[in-house]
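Engineer: With the sequence up front, the predicted model follows.
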Amino acid sequence: MLELGGRVVGNEASARARRRAAENTCPGFRLPAARSRLGARRASARTHRGKSLRGTTLASNVSFGARDYDPTVGRWTSKDPGRFSGGHNLFSYARNDPANFGDARGKNPFAVGAAVFIWHGLCSRTAYNQASASFPDPKDDGKKHCLASCLITRCTLNPMFANALGLGYEAFGDFSDDWAEDLVDNYSGTLLALDITQTCRDACDHDACTTK
């Protein structure tokens, strides 16, 4: 049985001698089968968390129900019964950032979706501000559209999002008579983003982009 503080207490059937086993404060380590004061081994021993030990030696395996753990080598003695039902990386959860994402089971789509949404929003806002600062002249509006789409594509790695955002901006935002040319410039920016040999500004700052 367990005492307050995590210590293991056992009752010997023979001498009825009560012995307090050594306290174990490190998870994953085994607790050796305790001996009574008369030298007789107990019939069973348990770890500080109540897990039973399979053997009676110092190298006893710890039973976790579905499989055993060998603390001597620090490995499980059999494969995970669940196999890869939770993904190929059995040690990944909360997007590898448990300090900022609380997803104990690793199956919360809202946490992942919220992070992606916020990232795309930051990329879009930063790209728009940088494009506006790079080409403030209204006659370079085509280059501004090109640069914004190029930056968004490289930041999100999602050219479809960049084109959809440009289409939405033209349809529900700053609609103008040049909407068709703006869409062409947006699409040009997503294509130029694939050329990593030059910056987006240098790629869009040429005569190929429509000027107004």
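Structural biologist: All right, it came through fine.
Engineer: Where do the strands of the chain begin and end?
Structural biologist: Ranges of strands in the chain, per DSSP state E, are 9-11, 18-20, 62-63, 68-70, 75-76.
Engineer: which neighbours does the fourth one have in its sheet, and in what orientation?
Structural biologist: Okay, so that is strand 68-70. strand 62-63 (antiparallel), strand 75-76 (antiparallel) (DSSP bridges).
Engineer: where do the helices sit along this structure?
Structural biologist: 109-134, 141-156, 159-172, 179-192, 200-204 (DSSP state H).
Engineer: Buried residues, the first one. List them.
Structural biologist: Residues of helix 109-134 classed as buried by neighbour count (16 or more other CB atoms under 10 Å): Ala111, His120, Cys123, Ser124, Ala127, Tyr128, Gln130, Ala131, Ser134. In short, each C-beta sits where N, CA and C put it, glycine included.
Engineer: Compare the strands of the chain and say which comes out lowest on pLDDT.
Structural biologist: Looking at the strands of the chain, the lowest mean pLDDT belongs to strand 18-20 (a mean of 42).
Engineer: Domain-wise, how is this protein divided?
Structural biologist: Using automatic domain parsing, the domain ranges for the chain come out as 1-81, 109-204.
Engineer: Scan the helices and strands of this structure for the one with the lowest mean pLDDT.
Structural biologist: Scoring the helices and strands of the chain by mean pLDDT, DSSP states H and E places strand 18-20 at the bottom, with a mean of 42.
Engineer: With distance to Asp70 as added columns, please give the helices of the chain in CSV.
Structural biologist: Below are the helices of the chain laid out as CSV (distance: least, CB to CB, whole Å):
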stretch, distance to Asp70
helix 109-134, 35
helix 141-156, 45
helix 159-172, 48
helix 179-192, 54
helix 200-204, 55
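Engineer: Out of those, which gets nearest to Val73?
Structural biologist: helix 109-134 (35.2 Å; CB to CB).
Engineer: Now do that closest one: which elements does it pack against?
Structural biologist: If you count contacts as 3 or more CB pairs under 8 Å, 6 or more residues apart in numbering; DSSP states H and E, helix 109-134 packs onto helix 141-156.
Engineer: where does the protein have low pLDDT?
Structural biologist: 1-60, 64-65, 80-108, 170-177, 207-212 (pLDDT under 70).
Engineer: now Asp140: how far from Thr72?
Structural biologist: Distance, Asp140 to Thr72, by CB to CB, to the nearest Å: 70 Å.
Engineer: of these two, who's got more company?
Structural biologist: Between Asp140 and Thr72, counted using other CB atoms under 10 Å, the more crowded position is Asp140 (20 against 13).
Engineer: and the more buried one, how far is that from Leu147?
Structural biologist: Counting by CB to CB - Asp140 and Leu147 are separated by 9 Å.
Engineer: for stretch 142-157, which positions count as buried?
Structural biologist: Residues of stretch 142-157 classed as buried: 142-156 (neighbour count, 16+ other CB under 10 Å).
Engineer: And for that stretch, what's in contact with it?
Structural biologist: 119-120, 123-124, 126-128, 130-132, 134-135, 159, 161-163, 165-166, 181-182, 185-190, 192-194, 200-201, 203-205, 209-212 (CB atoms under 8 Å, 6 or more residues apart in numbering).
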